[in-house]
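Colleague: Provided below for reference: sequence and predicted model.
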Amino acid sequence: EMAAALASEEHNMEAIEALRKVLATAPKRIGVHRDIGEIELALGRLEAAASEFCEEIALHEGGPSDRALESSYQMLGMAAYRMGDDETALSSLAKAPDTVEVRYHLGLALARRGRNEEAAVALREVLKREPDHRGALQNLARMAGALGLEEERRASLEKFQSLYLKEEAKHALRV
């Protein structure tokens, strides 16, 4: 609880220290490595985050799936994608719950591997669930272009541009 409070106040290093103390007294406690990994990921320390997610996954070996395990696969997949390790990203994201964020990162990793058709399918699924997802629109336009789907590319770019212009107008009004 103290670590969660520290993290919510952006006292990340103190939160990690508190979680390490928990691990010192209960090294097999479920969720602690995942929590440390989430903080490391938020700090941009990708290798440290990935290591913590792998530690959490190892604790679950042979046991039932739960939220800590599922979110560890999701976060490991996202960290691996950001590090350029598409193989780990793809295998981890395949074991993660089917969320918009997982589908989006799956699409990005597939695209980087040149698996454009599969990437387009994943990005279309993101847009079914979240039609205004600008990252998915932009990347689907790239995939559609690579696949020769000019109409889909143009439609994605037009929607992306529309959303961008609306955001710019909102920002200008605030200023």
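Modeller: Perfect, thanks for sending it.
Colleague: Ignoring the adjacent residues along the chain, who's closest to the most centrally placed residue in the chain?
Modeller: Nearest to the geometric centre of the chain sits Met78, at 4.0 Å (Cα atoms, centre = their mean). The shortest distance from Met78 to any non-neighbouring residue, by Cβ to Cβ, 6 or more residues apart in numbering, is to His105 (5.3 Å). From N, CA and C alone the C-beta is placed, and that goes for glycine too.
Colleague: so the one you found touches Ser92, yeah?
Modeller: No - using Cβ atoms under 8 Å, His105 is not in contact with Ser92, being 9.4 Å away.
Colleague: moving C-terminal of the least confident helix or strand in the chain by mean pLDDT, what's the next helix or strand?
Modeller: Least confident helix or strand of the chain, by mean pLDDT, DSSP states H and E, is helix 2-8 with a mean of 75. Next helix or strand after helix 2-8 toward the C-terminus (DSSP states H and E): helix 12-25.
Colleague: for that following helix, which positions count as buried?
Modeller: Going by neighbour count (16 or more other Cβ atoms under 10 Å), the buried part of helix 12-25 is 12, 15-16, 18-19, 22.
Colleague: next helix or strand past that helix?
Modeller: Heading C-terminal from helix 12-25 (DSSP H and E), you reach helix 32-42.
Colleague: quick one, helices of this protein?
Modeller: 2-8, 12-25, 32-42, 46-59, 67-83, 86-94, 100-112, 116-129, 134-146, 150-174 (DSSP state H).
Colleague: Check what pLDDT the residue nearest to the centre of the chain gets.
Modeller: Listed pLDDT for Met78 reads 96.
Colleague: Pull up the overlap in contacts between His105 and Ser92.
Modeller: Gly77 (Cβ atoms under 8 Å, 6 or more residues apart in numbering).
Colleague: ok, Asp132 - contacts?
Modeller: Contacts for Asp132 were tallied using Cβ under 8 Å, 6+ apart; they are 159, 163.
Colleague: now it: how far from Gln138?
Modeller: Distance, Asp132 to Gln138, using Cβ to Cβ, to the nearest Å: 12 Å.
Colleague: re the thing from before, alpha carbons of the least confident helix or strand of the chain, as CSV, please.
Modeller: C-alpha atoms of helix 2-8 as CSV (Å, rounded to 0.1, in the frame of the first residue of the first chain):
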residue,chain,number,x,y,z
MET,A,2,2.8,2.4,0.8
ALA,A,3,4.5,1.7,-2.5
ALA,A,4,1.3,2.4,-4.4
ALA,A,5,0.8,5.6,-2.5
LEU,A,6,4.4,6.6,-3.3
ALA,A,7,4.1,5.8,-6.9
SER,A,8,0.8,7.7,-7.2
